[in-house]
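>>> when you get a sec, could you give me coordinates for this:
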Amino acid sequence: MDNLEISATETTPEIKFDFDSHYFLFGGESYPEHSDEFYRPILELIQKYSQNELESSATFVFRLTYFNSSSARVLMKLFELIDEMGENREIKIEWHYHEEDDTMEEFGEDFSDDIENANFKLISYSDD
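Predicted structure coming up:
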């Protein structure tokens, strides 16, 4: 599969998928006007990847600083898909949040509650 790189914009996150190293990054802010349109091809790529690479472990990194409610719905779909992948292979999820951002920490905790088949790790960072 061809790798995917989407640069961040004012309203959409940076997306980097390196299929060879099984590394997937979501970073920045996510409040596109049409979240479903923006995320549809991304979800389709992950669905395709989940069917092809059954042996390999994968790491999903989320470094989101803000997302709106329509992005949250898409993220829930994404986490369901990632969790299903974890039934057949090792999956790591890293949820990065600024140490002073209680909201993003709580979102990470909420998302982790629904994950049964992947290793979900909350990681705080500071400005240092």
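
>>> what segments of the protein are strands?
Assigned by DSSP state E, the chain shows strands spanning 4-6, 14-18, 23-30, 58-67, 91-98, 119-125.

>>> may I see those strands organised as TSV, with mean pLDDT added?
Written out in TSV, the entries for these read as follows (pLDDT from 0 to 100):
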stretch	mean pLDDT
strand 4-6	97
strand 14-18	97
strand 23-30	97
strand 58-67	97
strand 91-98	97
strand 119-125	97
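
>>> to Met85, which of the ones you listed lies closest?
Ranking these by proximity to Met85 (C-beta to C-beta) places strand 91-98 first, at 5.5 Å. (Glycine included, C-beta is placed from N, CA and C.)

>>> list the neighbouring strands of the closest one plus their orientation.
Taking DSSP bridges as the criterion, strand 91-98 sits next to strand 58-67 (parallel), strand 119-125 (parallel) in its sheet.

>>> could you single out the most deeply buried of those?
Most buried of these by mean neighbour count (mean count of other C-beta atoms under 10 Å) is strand 58-67; its value is a mean of 19.

>>> so what touches that strand?
13, 22-31, 49, 75, 82, 85, 89-96, 98, 101, 104, 107-108 (C-beta atoms under 8 Å, 6 or more residues apart in numbering).

>>> ok, now stretch 19-36?
1-3, 8, 10-18, 38, 46, 49, 53, 56-68, 70-71, 73-75.

>>> which of those count as buried?
When the contacts of stretch 19-36 are checked for burial by 16 or more other C-beta atoms under 10 Å, the buried set is 12-17, 38, 46, 49, 53, 58-64, 67, 70-71, 74-75.

>>> thinking again about what came up before, out of the contacts of strand 58-67, which are buried?
Among the contacts of strand 58-67, those that count as buried by neighbour count (16+ other C-beta under 10 Å) are 13, 22, 24-30, 49, 75, 82, 85, 89, 91-96, 104, 107-108.

>>> list the contacts of the residue lying closest to His98 once chain neighbours are set aside.
Nearest residue to His98 in three dimensions, chain neighbours excluded: Tyr125, at 6.2 Å (C-beta to C-beta, 6 or more residues apart in numbering). Contact partners of Tyr125, counting by C-beta under 8 Å, 6+ apart, are 96-99.
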